[in-house]
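> generate coordinates for the sequence data below:
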Amino acid sequence: MGGNKDLEKVEEILKTLDSLTQQVCEEEISEMLKKVAKREYGEKWRENIPEVLRAEIMAFDFMEDYQNSKTGWGTYFGPMFVLPNKEKRAVEVPSIQDITPSIINYWEKRANKSRHPILKARYADLVWDFSEKVKGVKPSYTMAVIAIESIIEIAEKDLHKYQINVITKLRRALSLALSLNDKELISKVKDTIIAYENKVAEDDKPGLWGFSFDLLLKNKNVQLTPEEKDRIIQDLEERLDRFSKSPNYDFWAAENAAIRLADYYNTINKKEDVKRVILTYGEVLKTGVSIQPSAQVAIVWLTKLYRTYLHYNLKDEANEVSIEIRKLGAKANSELKTIEASVTIPTEKIEKFINALIDGDLKTALLRITVHYIPKKREVIKQIEDLKKEAPVQFLFTRLIKDNSGRTIATIGPLGEDFDGHVISQISQNMYYSSLFLRDTIAALVNKFNVDAKTITDYLYESPIFGEDRKELIEKGIEEYLNRDYVVALHILIPQIEALIRNLIEKIGGSIFTQSKYGGFNYKTLDSMLWDENVKKVLGEDLTFYFRVLFVDPRGWNLRNNICHGISPPETFNATRADRVFHSLLCLSLIKERGTNND
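Have a look, this model is predicted:
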């Protein structure tokens, strides 16, 4: 693995690393190695360095406790970065593909030879983690032992620069000891975890306490003495008590203590203690809310408390919180600020676009309009991917969706956790942007063909899902729509669309009923029908998503629920919404029986 001179240079570097006395982390070790590599081998050192130095740098570039399963490695360690290359293909740095059997053998030698615990722990754990994947053989038992004992020494001697990283390492050491089923090692790691928390815990740094509870008390494979259990619980109780009396109102820290305690008391059926610790946390949070100037922030905090109360079956307390949330709604709305942006589109371009849509006869124009204004999920996904590249920060946080009263009706989580939520939200926004064009397109269609309610109804009824028993209602709804009485039109047409989906399910042999608690049968809701796999097959992914956004999803327009439940304010009964409901009728008219000329 390199010539004699190269090996001598690397040996000098390794001696320096082994004799480090200051606190250090793996990233700093990697940078030290790269600095020497650049000095000794020039700007193109990555191409020129010997394999031993490459193996050393790689060893400290891997990220431990890698959480991203998309790499497909199935290992504890993962790449530090995943970046696109010139061909826009994802490149992992470092990659498991770069590890050779000789590098594994080299790391094993270094694990046995090195003196510094941070070095030994990293080399040994890499061998333990990658040997079977790279060499096809299981690693030596001693590699896991070296890793465990080195991590214990790191914690005991405070050798690592970052305490939070030591906690991660202790979690790894416990996992390795349990996998070996070595009772002596398990006991040593247990003692080290308890001792380390006692040494580093600070009330205002929640990440540095509570891990003894998480790693030991919650782990059925770890044997704790009654005294150790009591001490861990007592520490949490004392912290919660301090948080409840502190003038800082640190409810995040109070929550960290209270949730752990509540979960523990739940397991031993101490319901009163569960209630006590959760209410203590609740009082800390509510005190913080009382001095919080922003109603929007206060609502976020109280919503979290509301869900916590419900989770622990404190329904009365949850109802009280919901009343406070509603009271804050109006104030939260007043804090919102309008952000405007304008785009100029030449009139001739709009006219050309609309004329292209309504070209030909009426049926052709209706079909073209129908297909064009159905949101395309693949296009929206591409749009989100492009937006993420331009402004990634906006996709990292949870977004709240509020109604006119300030009530939070839904949340959209970070992109990695709630991709569908972002797709629905983006489709919803796109529908608003395109509403002006849809309005003008329908107006141009009506003017060109002198369209009336009967003409449209006859066109719709070429689809078999339109039942004769509702023809008069549908025609009346379309007539009111064309007359611009959108209040009447929306109230008539939206329930008919729900009935049309039921007709569709019956046509394809599905069930439209659910069991009633009174012994009979209820009709399925529109939301549940749109999740029916057979309905999704008939409508297709794009149309199913569109209908969910338009009618039943609170992250979208949610017209069916808002209008039929009396939630929509008067100003929302407008042309924008009515146009989309009319368009949805046109979409349903696309459904034809197999074997017809229109199939």
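> strands of this protein, start to end?
In the chain, the strands defined using DSSP state E lie at 81-84, 90-93, 399-402, 408-412, 513-515, 521-523.
> so which elements touch the first one?
I take that to be strand 81-84. strand 90-93 (3 or more CB pairs under 8 Å, 6 or more residues apart in numbering; DSSP states H and E). The way it works is simple: take the backbone N, C-alpha and C, and place the C-beta from them, glycine included.
> give me the buried positions along the strand it packs on.
residue 92 (16 or more other CB atoms under 10 Å).
> now that strand, how far from the chain's geometric center?
Centroid separation for strand 90-93 versus its chain: 23 Å, with CA atoms, centre = their mean, to the nearest Å.
> average pLDDT for it?
The average pLDDT within strand 90-93 is 80.
> return that strand as CSV; C-alpha atoms alone will do.
Taking Å, rounded to 0.1, in the frame of the first residue of the first chain, the C-alpha atoms of strand 90-93 are listed here in CSV:
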residue,chain,number,x,y,z
ALA,A,90,-25.6,11.2,-7.3
VAL,A,91,-22.0,10.6,-6.1
GLU,A,92,-21.3,9.5,-2.5
VAL,A,93,-18.3,10.9,-0.7
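> from residue 472, how far out is the nearest residue to residue 482 once chain neighbours are set aside?
Spatial nearest neighbour of residue 482, excluding adjacent residues (CB to CB, 6 or more residues apart in numbering): residue 453 at 6.0 Å. Residue 453 sits 11 Å away from residue 472, going by CB to CB, to the nearest Å.
> give me the more crowded residue out of these two.
residue 453 (17 against 10; other CB atoms under 10 Å).
> looking at it, the more buried one is touching residue 471, isn't it?
No - in this structure, residue 453 is not within contact of residue 471 by CB atoms under 8 Å, at 11.0 Å.
> next one: phi and psi at residue 553?
Note on residue 553: backbone dihedrals following degrees, to the nearest 10 are phi -100, psi 120.
> for the closest residue to it other than its chain neighbours, grab the count of nearby residues.
Among residues not flanking residue 553 along the chain, residue 424 sits closest, at 5.5 Å (CB to CB, 6+ apart). Residues lying near residue 424 (other CB under 10 Å) number 23.
> likewise for residue 490?
25.
> how about residue 73?
For residue 73, the neighbour count with other CB under 10 Å is 19.
> now do it, the pLDDT please.
85.
> that one contacts residue 96, correct?
Yes - assessed by CB under 8 Å, residue 73 is found in contact with residue 96 at 5.3 Å.
> where do the contact lists of these two overlap?
residue 133 (CB atoms under 8 Å, 6 or more residues apart in numbering).
> hmm, back to that, what's the closest of the strands of the chain to residue 371?
In terms of CB to CB, the element of those nearest to residue 371 is strand 408-412, at 28.2 Å.
> so which other helices or strands are in contact with the closest one?
Short answer (3+ CB pairs under 8 Å, 6+ apart): strand 408-412 packs on strand 399-402, helix 419-449.
> domain ranges for this protein, per the record?
Residue ranges for the domains of the chain, per automatic domain parsing: 1-200, 347-588.
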